[in-house]
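sequence and predicted model, in that order:
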Amino acid sequence: MPPNLETFIPGECLPDAIDVYIDDNFIHNICKLYSMHGKQFTVRQPIKLVRQYPPCPPGSERGSGDVNGSKPSVDIPDCDCPAQLDLRHAELLGVGHHSKVVLAPLTFPSAPSVRRAVAVKMSVPFSSHEMLLNEAKIYNAFPRNLQDGDAPTVPKFYGYYVHSTEAFDWDYGNNGGDNCSAEDDWKESRTDMLNSIASILLLEACGKPVQTESLALSHREDIAKLLKRLHEANFVQGSFYARNILVQPGPLILPYAERTYTESSYRIIDFGRGLSLDVNSSYRRVICDAEEERSCARERLLIP
Ligand SMILES: Nc1ncnc2c1ncn2[C@@H]1O[C@H](COP(=O)(O)OP(=O)(O)OP(=O)(O)O)[C@@H](O)[C@H]1O
């Protein structure tokens, strides 16, 4: 796996389209779809997804950004050049009640091309895709200072991508089913498979969930500061549990090899139930829910 993408990329510099590559490994080991009754997916590669958030303004000028994590900046592809997301090499990062999240290489076809690992969140089961859409809107509304800087509060957002019409132009493989129920099962598996990659959220990979029992007081205070910053910016996370706080070695200003857990870096994730003034909420509700969230945080995570 290449190093993680950790650089803030302004919305207008994100690729407008992504070509997604999948294979049997992804279907069986990540999607856990075994019940094919002798049939195989033959996917016409690649599957094309287009950016929904941040929206692509028609005729907008595209800038260039620094995707290497160091200066000078690298050219970001123009509108005609899709990035490539390689789910054939995906590693599972975590499973929630509404999603699966994998780490996978994303290649920007700049010159020279840049290949970095990103967290890819997919709605599983598909019925929870509205939560993923809400989360995308919240990430899109986050100001840069919550995602970037010395002590970022949330992962960096690399876009929300949805299928274009060609996404469903597939070959469905050999016809191995011999009865209606097998046929139905297979169709259902196929639909699950298609739906799970029909919309994806790309985020900075930020470590693993915290273990609250072993958290030192100073680290609990760091997390309390993150929550305060989030609320001061008029956002509410909406399900503040330990599984939604990630930890990784820090400080982030150091090269990866020099970071340690003594100076851990924390991030708040999972905004499927998130609230924001600009997206889905009134000022009064944000204030009220933020107050309640701080009280939950004190109780559940023993944070001050
Ligand atoms: N940006 C990320 N970097 C690293 N791991 C992540 C990231 N986002 C999610 N994960 C992993 O995936 C798991 C599930 O993610 P998330 O909490 O967003 O899913 P969910 O289905 O919305 O969760 P919930 O069960 O709280 O509704 C997390 O607990 C974490 O282990």
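Good, I have the coordinates. All values derive from a computational prediction rather than experimental measurement. Numbers count the residues shown, from 1 in each chain.

so which strand or helix has Gln52?
Following DSSP states H and E, one finds Gln52 within strand 47-53.

what do you get for Ser265?
Short version: Ser265 belongs to strand 260-268, going by DSSP H and E.

name the residues that touch the very next helix or strand once past that strand?
Next along the chain after strand 260-268, taking DSSP H and E as the criterion, comes strand 275-276. Outside strand 275-276, the residues that touch it by CB atoms under 8 Å, 6 or more residues apart in numbering are 137-138, 141, 234-236, 238, 281, 285-286, 289. All C-beta atoms are positioned from the backbone trio N, CA, C, and that covers glycine.

now, those residues that are in strands?
Counted as lying in strands by DSSP state E, out of the contacts of strand 275-276, are 235-236.

return the subset of the contacts of strand 275-276 lying in helices.
Per DSSP state H, helices hold the following members of those: 137-138, 141, 285-286, 289.

the ligand: which of those is nearest?
Ile138 (11.8 Å; CB to the nearest ligand atom).

ok, the one residue in the stretch 201-304 of the chain that gets nearest to the ligand - contacts?
Nearest residue of the stretch 201-304 of the chain to the ligand, counting by CB to the nearest ligand atom: Asp270, 3.6 Å away. Counting by CB under 8 Å, 6+ apart, Asp270 touches 96, 135, 237, 239, 243-244.

and it, how far from Leu203?
Here Asp270 is placed at a distance of 10 Å from Leu203 (CB to CB, to the nearest Å).

and the pLDDT for the residue of the stretch 201-304 of the chain closest to the ligand?
You'll see Asp270 listed with a pLDDT of 97.

next SSE downstream of the helix-or-strand element of the chain with minimal mean pLDDT?
Counting by mean pLDDT, DSSP states H and E, the chain has its least confident helix or strand at helix 180-196, which shows a mean of 68. Heading C-terminal from helix 180-196, the first helix or strand you meet, by DSSP H and E, is strand 199-203.

up against the ligand, what does the chain have?
93-94, 96-99, 101, 119, 121, 155, 203, 205-206, 209, 239, 243-244, 246, 269-270, 272 (CB under 6 Å from any ligand atom).

so which of those are in helices?
No part of these ends up in helices, with DSSP H as the criterion.

any of these buried? List them.
93-94, 96, 98-99, 101, 119, 121, 155, 203, 205-206, 239, 244, 246, 269-270, 272 (16 or more other CB atoms under 10 Å).

any idea where the strands of this protein begin and end?
17-21, 47-53, 83-86, 91-95, 99-108, 114-123, 157-163, 199-203, 208-209, 235-236, 245-250, 260-268, 275-276.

just say which of the ones you listed is most tucked in.
strand 235-236 (a mean of 26; mean count of other CB atoms under 10 Å).

that strand pairs with which strands?
strand 275-276 (antiparallel) (DSSP bridges).

now the partner strand: mean pLDDT?
95.

so how far is it off the chain centroid?
Its chain's C-alpha centre and that of strand 275-276 lie 18 Å apart, by CA atoms, centre = their mean, to the nearest Å.

just to check, Val20 is in contact with Ala90?
No: the pair Val20 and Ala90 does not pass the contact test of CB atoms under 8 Å, sitting 10.4 Å apart.

now do the shared contacts for those two.
With CB under 8 Å, 6+ apart, Val20 and Ala90 have no common neighbours.

restrict stretch 208-223 to CA atoms and write it as PDB.
What follows is stretch 208-223, C-alpha atoms only, in PDB (Å, rounded to 0.1, in the frame of the first residue of the first chain):
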ATOM      1  CA  LYS A 208      -7.900   3.200  14.400                       C
ATOM      2  CA  PRO A 209     -10.600   3.700  17.000                       C
ATOM      3  CA  VAL A 210      -9.500   4.700  20.500                       C
ATOM      4  CA  GLN A 211      -9.600   2.400  23.400                       C
ATOM      5  CA  THR A 212     -11.100   4.600  26.100                       C
ATOM      6  CA  GLU A 213     -10.000   2.500  29.100                       C
ATOM      7  CA  SER A 214      -6.300   3.200  28.300                       C
ATOM      8  CA  LEU A 215      -6.600   6.900  27.500                       C
ATOM      9  CA  ALA A 216      -4.500   9.200  29.700                       C
ATOM     10  CA  LEU A 217      -6.300  12.300  31.000                       C
ATOM     11  CA  SER A 218      -4.200  14.600  28.700                       C
ATOM     12  CA  HIS A 219      -5.400  12.600  25.700                       C
ATOM     13  CA  ARG A 220      -9.000  12.800  26.900                       C
ATOM     14  CA  GLU A 221      -8.500  16.600  27.100                       C
ATOM     15  CA  ASP A 222      -7.200  16.600  23.500                       C
ATOM     16  CA  ILE A 223     -10.400  14.900  22.300                       C
END
